[in-house]
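Q: coordinates only, sequence not included:
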């Protein structure tokens, strides 16, 4: 019996079995390598997630510590309401009784004189002076003096009825100048020239004939 074909068949079958066994071993090796790689990737990803979580936890802890410090500082400072309560504490009210004040006169006695105008009365120049009673007294007589700039008397007018009701020439005088009233007095300017600097001093008295309390006021003007 010829055994050559059978031996060849057995050899071929052994070769195929060996080849299949080698392929299975190579496949098993590749599968094991892939599984190892996947395990390492998963471990690396887990490590990265762990580090990220730790960093976030550290940041959150730092924020909480900062807020705690601010709250402690705010509690240590008094609020505006507390400060207002401290500064607005009412002080004790004094119970000392004041003595009644002595009432003073509402105004001091006296007059105010001011040059008003120049008038020609029967060909003679007259100065008209406005006089105001600034006090509580009543005046019944007056003296009106006209002087040059050096104080030398030039003319005068005096009497018990010296108060004119308006800025006019002499002749309609009134007997008194009452509290708060305004009247006019006159004095001749004969002997003076236009451009002269003149002074008029008015003196009033509470009694006729220049008696009682007397007060003066002066005014200066250029003719």
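A: Thanks, I have it. Predicted model only: the values in this text are computed from it and were never measured.
Q: okay, CA-based contacts and neighbour counts for the rest of this
A: Will do.
Q: which secondary element of this structure has the worst mean pLDDT?
A: Least confident helix or strand of the chain, by mean pLDDT, DSSP states H and E, is helix 80-87 with a mean of 44.
Q: next SSE after that helix?
A: Later in the chain than helix 80-87, the nearest helix or strand by DSSP states H and E is strand 111-121.
Q: list the buried residues in that following strand.
A: For strand 111-121, a neighbour-count test (16 or more other CA atoms under 10 Å) marks 111-116, 118-119 as buried.
Q: what about the helices in the chain?
A: With DSSP state H, the ranges of helices along the chain come out as 4-76, 80-87.
Q: ranking those by mean pLDDT, which is last?
A: If you rank the helices of the chain by mean pLDDT, helix 80-87 sits at the bottom with a mean of 44.
Q: mind checking pLDDT for the nearest residue in space to residue 120 that is not next to it in sequence?
A: Among residues not flanking residue 120 along the chain, residue 126 sits closest, at 6.0 Å (CA to CA, 6 or more residues apart in numbering). Confidence per residue is given as pLDDT, and for residue 126 that number is 98.
Q: next, count neighbours for residue 126.
A: As a burial measure, the neighbour count of residue 126 was computed by other CA atoms under 10 Å and equals 21.
Q: do I have it right that it meets residue 191?
A: No - counting by CA atoms under 8 Å, residue 126 sits too far from residue 191 to count as a contact (11.1 Å).
Q: distance of residue 152 relative to residue 201?
A: Spatial separation of residue 152 from residue 201 under the definition CA to CA, to the nearest Å is 12 Å.
Q: more neighbours: those two, which one.
A: In this view residue 152 and residue 201 are compared by other CA under 10 Å, and residue 201 has more residues nearby, 18 against 12.
Q: just checking, the more buried one touches residue 145?
A: Yes - shown here, residue 201 and residue 145 form a contact pair, counting by CA under 8 Å, at 5.3 Å.
Q: what's the burial count for residue 137?
A: Residue 137 is flanked by 17 other residues according to other CA under 10 Å.
Q: for residue 203, list the residues it contacts.
A: With contacts defined as CA atoms under 8 Å, 6 or more residues apart in numbering, residue 203 is in contact with 142-144, 214-217.
Q: quick check: beta-bridge partners of it?
A: For residue 203, the residues forming beta bridges with it (DSSP bridges) are residue 143, residue 216.
Q: local confidence estimate at it?
A: For residue 203, the model assigns a pLDDT of 97.
Q: just the one 4 residues further on next, same as before
A: The predicted structure scores residue 207 at 96 on the pLDDT scale.
Q: what does the one 10 residues further on give?
A: Taken from the predicted model, the pLDDT recorded for residue 217 is 98.
Q: surely it and residue 129 touch.
A: No - shown here, residue 217 and residue 129 do not form a contact pair, counting by CA under 8 Å, at 10.9 Å.
Q: which of these two has more neighbours?
A: In terms of neighbours (other CA under 10 Å), residue 129 is the more surrounded of residue 217 and residue 129; the figures are 25 against 15.
Q: isn't the more buried one up against residue 117?
A: Yes - shown here, residue 129 and residue 117 form a contact pair, counting by CA under 8 Å, at 7.1 Å.
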